[in-house]
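Peer 1: Structure, please.
(one chain, ligands or ions: 2)
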Amino acid sequence: MILAIETSCDDTCAAVVSSDGEVLSSVVSSQAIHDLYGGVVPEIAARSHLELIGPVVQQALGEAGLGLPDIDRIAVTRGPGLTGALLVGIGAAKAISAGRGLPLCAVDHIHGHIAASYIAEPDLKPPFLCLIASGGHTLLAEVNEPGPAGWRVIGSTLDDAAGEAFDKGARLLGLGYPGGPLIERVAAAGDAGSFDFPRANGVDGLDFSFAGLKTSLLYRIRDLGPEQAASRSADLAASFQAAIADQLADRVSKALVETGLARVALGGGVAANGPVRSAIANLGIDPIVPERIYCTDNAAMIGRAAIETSDLDRAAALRIDSYATGASRA
Ligand code: KG4
Ligand code: ZN
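Peer 2: Ligands and ions are numbered 1, 2, ... in the order given. Presented below is the predicted three-dimensional model:
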């Protein structure tokens, strides 16, 4: 039995996953306090993790009907993410590991999102393409093996992440945070063809860019004026959302051609978006989409990735550090 811990951003997460990949429990405690600020405040996230990590681990064990004596391994997210937030999870994992003499393994957060695909479809075998689009990351990974060295990033955002674009767009439209679900709800009553927002067609290769889109929305709202912008918010939201969905689908389509891969898995909070899923399904492929709880940040995906990841020796386990960006496979 693996006890997995994930604290890379503003969700305090713990899960119990069996060695053959069954998820026995997955607890996610979201820190609503960040909504007050319109985005995640790193220092507040770290402090909240500190308060929540003990109860969340207890709850994960309780929901699995197990106690610490039933756990054989500990897995923890090492990065990328907010370094202070990550250190709280790492500290908890080290303490449990040292206290109980249990092996510890460090998992890359992106590897975790990829591994969520195996929770969705246990028979899934690489190779496949994985699009991860969340508030913190937007990237395309070519997955050739299930282990930590078996995937590589073949495209990523040059500026904002897709979820960040939704969040910033929602703020410009006065909708609140987190923006993705709010834009999707408002957009349902709008016409996606009303406004022509940029799709970053000038960006080379498989990379993404959403900063120009956000600026374009800002100018549209300014040109319309407050009253018009408010009365056309559904059309603005629908058109803005369509621009994000089209850009994501366009890169997936190009990546399928370039890699020759036939299957696509989605991950990250933006994978919950209906028009994003439809735009990808319209490419004529049936994407693997984990349940929403496994698309957004969770520890079950970290536990699932740990099945393919080696444990660290005792000295290395005590030295684990967090990393903010990129991937450290050491
Ligand atoms: O994966 P996630 O829970 O956390 C990380 O950022 O790692 O993703 C959160 C992001 C937020 O930016 C949120 O606005 C976006 O995912 N999101 C959505 C939807 N639900 C969440 N974006 C578009 N449509 C949604 N339904
Ligand atoms: Zn994530």
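Peer 1: can you pull the contacts of the residue of the stretch 1-150 of the chain found nearest ligand 2?
Peer 2: Closest residue of the stretch 1-150 of the chain to ligand 2, CB to the ion: S134 (4.5 Å). The C-beta positions use only the backbone N, C-alpha and C, and glycine is treated the same way. By CB atoms under 8 Å, 6 or more residues apart in numbering, S134 lies in contact with 113, 161-163, 267-270, 296-297.
Peer 1: Name the nearest residue to it, sequence neighbours excluded.
Peer 2: Distances taken as CB to CB, 6 or more residues apart in numbering place G268 nearest to S134, at 3.3 Å, with adjacent residues excluded.
Peer 1: Measure how buried the one you found is and give me the count.
Peer 2: 26 (other CB atoms under 10 Å).
Peer 1: Let me see the ranges of the helices in the stretch 201-330 of the chain.
Peer 2: 211-231, 233-259, 274-281, 292-295, 300-306, 314-319 (DSSP state H, counting those that start in this stretch).
Peer 1: My guess is the residue nearest to S134 contacts L140. True?
Peer 2: No: taking contacts as CB atoms under 8 Å, G268 lies outside contact range of L140: 11.5 Å.
Peer 1: Give me the common contacts of those two.
Peer 2: With CB under 8 Å, 6+ apart as the test, G268 and L140 both reach 131-132.
Peer 1: where does the residue nearest to S134 land on pLDDT?
Peer 2: pLDDT for G268: 92.
Peer 1: how about the lowest-mean-pLDDT helix or strand in the chain: buried residues?
Peer 2: The helix or strand of the chain with the lowest confidence, counting by mean pLDDT, DSSP states H and E, is helix 314-319 at a mean of 89. Of all the residues in helix 314-319, those buried under the rule 16 or more other CB atoms under 10 Å are A317.
Peer 1: swap in stretch 236-255?
Peer 2: Within stretch 236-255, the residues that count as buried by 16+ other CB under 10 Å are 236-253, 255.
Peer 1: give me the low-pLDDT residue ranges for the protein?
Peer 2: 38, 326-330 (pLDDT under 70).
Peer 1: what's the neighbour count on I33?
Peer 2: I33 has 14 nearby residues by other CB under 10 Å.
Peer 1: what sits against it?
Peer 2: Residues in contact with I33 (CB under 8 Å, 6+ apart) are 44, 48.
Peer 1: just G62 next, same as before
Peer 2: Counting by CB under 8 Å, 6+ apart, the residues that G62 touches are S25.
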